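Asker: Structure of the sequence below:
(chains A and B)
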Amino acid sequence: MIKARKLTKRFGEVEALLNLNCNIPQGCIYGLVGANGAGKSTFLRLCNGIYKPDEGHISINGGEVFDNPAVKEHCVFVPDELYFLPQSNLNRMSLLYESMYPRFSLERFADLSAAFKLDRTRPLNTFSKGMRRQAATILALSAMTDYVFFDETFDGLDPVMRNLVKGMLYDDVLERGCTAVVTSHSLRELEDTCDQLALLYQGGIVFESDVQNLKTSLFKVQVAFSEEYDRERFTDMDILSFVKQGSVANMIIRGDSAKAKTHIGALNPLLLEILPLTLEEVFLYEMEALGYSFEAPAAKGGEHA
Amino acid sequence: MKPYLESIRRLSRVGYVLLALTLVASAFISIQYCTQPYQYNVPSISKMFTPLIVLAYVSGVVFAYEGFSFLNKRSDSDFYHSLPVSRKKLFWAISLAALTWIAAIVLSSVLFTVIIFTLTRTPFVQLYALVAVPFFTIAAMLVFSACAIAMTLTGTALTGLGLTVLVFGLARFVQFSVARGIVSNTQLVNWLDLPWYLTPVTNIATGQIAQLLRPMLRDTLYLPVNMIYSAILAVLELILARVLFTRRASELAEHGAKNAVMQTVFACAAVIPVVMLYSSGIITQRNVSIPIIIAVAAGIYIIYQIVVLRVAKKVLLSIPWMLIPLAIGVAGYFGTRGLATNLQYYVPNSQDVAYVQFDGASRGSESITYQQYMVSKVRFTESDVRNYAVETLRDNVSTIRRSGFLNYSSDDQTGWTRVTQPVTFVLKNGSSFSRVLTFLNQNTLLTYCLENGDFYQAIRSLPPMESVCYLQGDDPFNGGYLENKQILNTYYQELPTTDFAANDSYRYYDPTTNYNVNDDQLYGSLSVAGYVGMTRYWDYYNIRISMPKTSSAWMAFQNNRSKGEYLELMKQMIQKSAALTSNMDYFSLSMMFYNVPMSDGSKQAISFYYNRSYGDYMAELNEQLQPLMNELADIMLRSTPTTNPSDFCAYTNWSGRVHKDDGTYYGEDILASLPATNSDGTFVSGGSVYYVSDGSIQYSGPSGAITSYNPSYRAFSKADQARLIEILQQWKTLQEEYDSSVYGSKPIDGPAIGIQDNMALPSPAPVG
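Answerer: Below is the predicted model of the structure:
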């Protein structure tokens, strides 16, 4: 389990992370989403002992990470900007990983290389950007660690390879109980991959939830009545957003959609439609509910109540 | 172990390149040295392993930059810090891998060099090979550790390199500057007399540079104590680098320094060498220099700060800190002068001196004499020597106090007997110091030194025969060195039977005659070179008539090598020299007569010279000498080679360029008959020809001159001996008259040339 308490990291006068708290349970795929500069990469670097926290703590399996090989041997990190030895190829890199990671599997390395159809003897500096990402992923997954950290790794892969990587990640999580922490600035990348999602904003996790719950916890209701009405008509419902255009109102409601449908149906609407939200929309509305000012695309141009 | 092996693999990229370059350079330099046509001394460690001097600096920087290159790039730094290995372990893995590579390269190079020297049978100091491996490895590791410290403090290659220079050399530059200031501000303290904390060679990496600037430091550089000190320093620096490495923030990569404070520290450090240039006197200490130095220092400081800080306010705020290096400069100026004065004016009480040692006037030179090496080990506990040394130091100091410099030439009359010697004073409390003293009377010093039995043995000692690597006569063209071994053997046998020291510098000196006291006729000399332990020596032995076997062997050696003295040609040229026809023509004769009977019954060696040239300024004297010379040439033609050192004999050198009346050269036929070609194969008809003693010839220039360089010792019949004495008497008389009329000089008192009536001419006697 990865545990962060009041985690703070500053770069000069910039506070990259400020009092961040989170728990990442074992055996899940944890997605971290946030805009550029939100602190995603800094968090991953702290998770991997690259940075030393200025304040607070971060521990993995109960041990502090920074300069602690006993903990770090359970972690592997695929950063946004990759590192390969100069003039090296995959075989040479496998020797580096093998000398550093006690559980590095040459067998798995060979299998993954074959699966990705990468030439292990070809110099890595002749690889395309996507191929280099694949190479880094192969090496990381071959390290057979309990924790894998991907920093926007999927963003550079083509759809086929992305699915291949994701498949391998699922296998690791299911078969070995591995934990993966994946960051992206695109929620869509993580939507179908992660078990849990967290939103980083200005150095702190502002929202964290189970993806399945998240997807079902909010829904959109499109409703119209013949008479004049407003938000007050829908009592006993947790409405996050209410936008009315003419006689049609769009509501974002948290709760049980079936119950909401029954409740609103009892009010004899002219129109009643329950629509699912994308994960991105869920995030935006949740954030708005928390008081962070994001402008939801769907809500543009409406009358807010 | 795995991170170490991985680091070995990672450094192999530059490791193999450096190994190949070093081996090629070692082979090239070794083969070039070993195949030289003439060698006369065992090579120094620097000469033998020159590529390793370069390697020490290059490999230290290259391996540090390769090993810690990830510290200069954010992504690389992140990667290495994410690996499951502690920073401490990672640092040591890289450092030990670098050490392994450096040691392997050094060892390979040393072995390669030794193999080449062995295969070519070129003598070398075997201990050098053993010393070179740790020496150059440690030197390289000092550079590596300095570079490692710099790289952990900065995050860019450029600032890393700049800081490497500062970490590696700043302290030593300050030390060298202070030492230089002391040496230049004192007359009694030389570079080799500095206290240990100012000796520039204790750090062997910077010491290499110091010995290039001050070659006298060369030999002390390789002392084991310096290697041990440097090894400890390298380890301490590595430990410091390790601490900095573990504390280093990964985010420092791609940044010059952690913060503005560190940048200011670097800027101050960069300015210190500039101010020390003035403080130490490397830049002339004149008032006008002060504002220039301050301006240059300020310029460097401000430009550096503008480049790294980039914010005007920060630059302005940092300016007051520049006062720190300036204050160091002021302290350096007064500190250097104060230290110099203290060192120079210190005189111990003679009763506090346990013993003194004489390191030898040529200490620190390329090679010393064996006797100096032996004398340098002698401890003079005798009160006469100790008192004389202390009193001389006191006198030297008072002279300097009085005149501001060591001024003896104007205030006493001891110019001919003064001798300058470095002296080490070892005090009874165990401390020691050395000074370069000017003794007023070398004979007094010698007398006192001879009270010491070890000294007496030392000056008469000869190096172990098996340690002699090169042996040479006084013929510079003689390449057959070891053929003289028989002469050396007889010299070794006969020297102990004489009263002579092996080295003439340890003999009494007569200031009135400007010769050593009780000198003897010299037939030749031997120069031997070799090594004992790690000390290379180069001795010069005079072969005197009092060593008859050695003299005879020497004469036989010279005579055997003499192939055609062309005495007939000499006679023709002497005759024609009375009327030279070309403005480049000349004739020059130099003869050494041995065992010339003198009026006091002694036998002396007498030099005889005869020089003629076109437009002769000594024409009057030479015209009077001409008949004598013609007769002398005839006598020489009748002479026969001798190997008896007791014979009245002559050794003749001549050279000349003389045209015949028909415009051709004398000796032209000889020139034509010889394989007279230049090194490029062109014919050198009419060029200067040097006949050398091994029968070969050498050429230089197309002047048409012939130089005979292969004389033999030639003896004369009884009748010719009698006539020769008359010729010499007449020559001396004519010469004295000429000197009196032209220069107003008077004849020197002494026995006259010639035999008394009751004396018999010497006759050839068997050598026993």
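
Asker: Regarding stretch B:707-715, how distant is the last residue from the first?
Answerer: End-to-end distance for stretch B:707-715: 22 Å, by Cα to Cα, to the nearest Å.

Asker: can you pull out the strands in the stretch 401-550 of chain B?
Answerer: Assigned by DSSP state E, counting those that start in this stretch, the stretch 401-550 of chain B shows strands spanning B:419-427, B:432-439, B:468-473, B:509-510, B:515-516, B:522-532, B:535-544.

Asker: between the first one and strand B:432-439, how big is the angle?
Answerer: Computed by axes from the mean of the first three to the mean of the last three Cα atoms, to 10 degrees, the angle separating strand B:419-427 from strand B:432-439 equals 150 degrees.

Asker: Pull the distance from the helix or strand encompassing B:Thr113 to the chain's centre.
Answerer: Using DSSP states H and E, B:Thr113 falls within helix B:87-119. In terms of Cα atoms, centre = their mean, to the nearest Å, the centre of helix B:87-119 is set 31 Å apart from its chain centre.

Asker: Look at B:Gly615 and tell me its secondary structure.
Answerer: Here B:Gly615 is recorded as coil under DSSP: H, G, I helix; E, B strand; the rest coil.

Asker: Look up the closest residue to it, ignoring the ones flanking it.
Answerer: Closest residue to B:Gly615 apart from its sequence neighbours, by Cβ to Cβ, 6 or more residues apart in numbering or on different chains: B:Asn583 at 7.1 Å. No exception for glycine: its C-beta is placed from N, CA and C like everyone else's.

Asker: if we can go back for a sec, and the helix holding B:Thr113, what does it pack against?
Answerer: Applying 3 or more Cβ pairs under 8 Å, 6 or more residues apart in numbering or on different chains; DSSP states H and E, we find helix B:87-119 packed against helix B:2-34, helix B:50-67, helix B:126-153, helix B:224-247.

Asker: neighbours around A:Asp256, how many?
Answerer: 13 (other Cβ atoms under 10 Å in any protein chain shown).

Asker: next one: B:Thr399
Answerer: Neighbours of B:Thr399 using other Cβ under 10 Å come to 18.

Asker: for B:Ile725, same thing?
Answerer: 19.

Asker: just the one 4 residues further on next, same as before
Answerer: The criterion is other Cβ under 10 Å. On that basis, B:Gln729 has 13 neighbouring residues.

Asker: follow-up on the earlier one: for the strands of the stretch 401-550 of chain B, give me TSV that also has mean neighbour count, distance to B:Gly404 and mean pLDDT.
Answerer: Below are the strands of the stretch 401-550 of chain B laid out as TSV (neighbours: other Cβ atoms under 10 Å in any protein chain shown; distance: least, Cβ to Cβ, whole Å; pLDDT from 0 to 100):
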stretch	mean neighbour count	distance to B:Gly404	mean pLDDT
strand B:419-427	19	19	93
strand B:432-439	20	15	92
strand B:468-473	21	45	79
strand B:509-510	16	29	81
strand B:515-516	14	35	74
strand B:522-532	20	41	88
strand B:535-544	21	37	90
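
Asker: Whichever strand or helix holds A:Gly130 packs against which elements?
Answerer: Using DSSP H and E, A:Gly130 sits within helix A:129-142. Judged by 3+ Cβ pairs under 8 Å, 6+ apart, helix A:129-142 is in contact with strand A:75-78, helix A:90-100, helix A:106-116, strand A:147-151, helix A:159-176.

Asker: Next, find the distance separating the residue of the stretch 151-300 of chain A at minimum distance from chain B from A:Val221.
Answerer: Residue nearest to chain B within the stretch 151-300 of chain A: A:Asp151 (9.7 Å; Cβ to the nearest Cβ). Note on A:Asp151: its distance to A:Val221, by Cβ to Cβ, to the nearest Å, is 38 Å.

Asker: One more: B:Arg363?
Answerer: Applying Cβ to Cβ to B:Arg363 and A:Val221 gives a distance of 102 Å.

Asker: now B:Gln442
Answerer: Per Cβ to Cβ, B:Gln442 is found 118 Å from A:Val221.

Asker: How about B:Ala260?
Answerer: Distance from B:Ala260 to A:Val221, by Cβ to Cβ: 58 Å.

Asker: same question, B:Glu726
Answerer: Taking Cβ to Cβ, one finds B:Glu726 at 148 Å from A:Val221.

Asker: what does chain A have sitting close to chain B?
Answerer: Applying Cβ under 8 Å from any Cβ of the partner chain, we find that chain A lies next to chain B at A:11, A:45, A:48-52, A:67-69, A:72-77, A:79, A:81-83, A:85-87, A:95-96, A:98-102.

Asker: Narrow those residues to those that are buried.
Answerer: Among the residues of chain A next to chain B, those scoring as buried are A:45, A:48-52, A:67, A:69, A:72-77, A:79, A:82-83, A:85, A:95-96, A:98-101 (criterion: 16 or more other Cβ atoms under 10 Å in any protein chain shown).

Asker: Surely B:Lys660 and B:Asp585 touch.
Answerer: No: the criterion here is Cβ atoms under 8 Å, and B:Lys660 misses it with B:Asp585 at 10.5 Å.

Asker: neighbour count winner among these two?
Answerer: Per other Cβ under 10 Å, whichever of B:Lys660 and B:Asp585 has more neighbours is B:Asp585, with 24 against 13.

Asker: Now do the residue lying farthest from the centre of chain A, the pLDDT please.
Answerer: In chain A, the residue that sits farthest from the middle, by Cα atoms, centre = their mean, is A:Glu227; the gap is 43.8 Å. Looking at A:Glu227, its pLDDT stands at 87.

Asker: List the contacts of residue 65.
Answerer: Reading this off chain A. A:Leu46, A:Cys47, A:Asn48, A:Gly49, A:Ile58, A:Ser59, A:Val71, A:Lys72, A:Cys75 (Cβ atoms under 8 Å, 6 or more residues apart in numbering or on different chains).

Asker: sorry, should have said chain B
Answerer: Per Cβ under 8 Å, 6+ apart, neighbours of B:Tyr65: B:Cys147, B:Met151, B:Ala157, B:Gly160.

Asker: buried residues in stretch A:219-233?
Answerer: A:Phe219, A:Lys220, A:Val221, A:Val223, A:Ala224, A:Phe225, A:Tyr229, A:Arg231.

Asker: nearest to B:Tyr738, of these?
Answerer: Here the nearest of the buried residues of stretch A:219-233 to B:Tyr738, counting by Cβ to Cβ, is A:Lys220; it sits at 132.6 Å.

Asker: nearest residue to that closest one other than its sequence neighbours?
Answerer: Once flanking residues are discounted, A:Lys220 sits nearest to A:Leu275: 4.2 Å by Cβ to Cβ, 6+ apart.

Asker: try A:Ile50
Answerer: Closest to A:Ile50 by Cβ to Cβ, 6+ apart is B:His81, at 4.5 Å.

Asker: Next, count neighbours for the one you found.
Answerer: Neighbours around B:His81, by other Cβ under 10 Å: 26.
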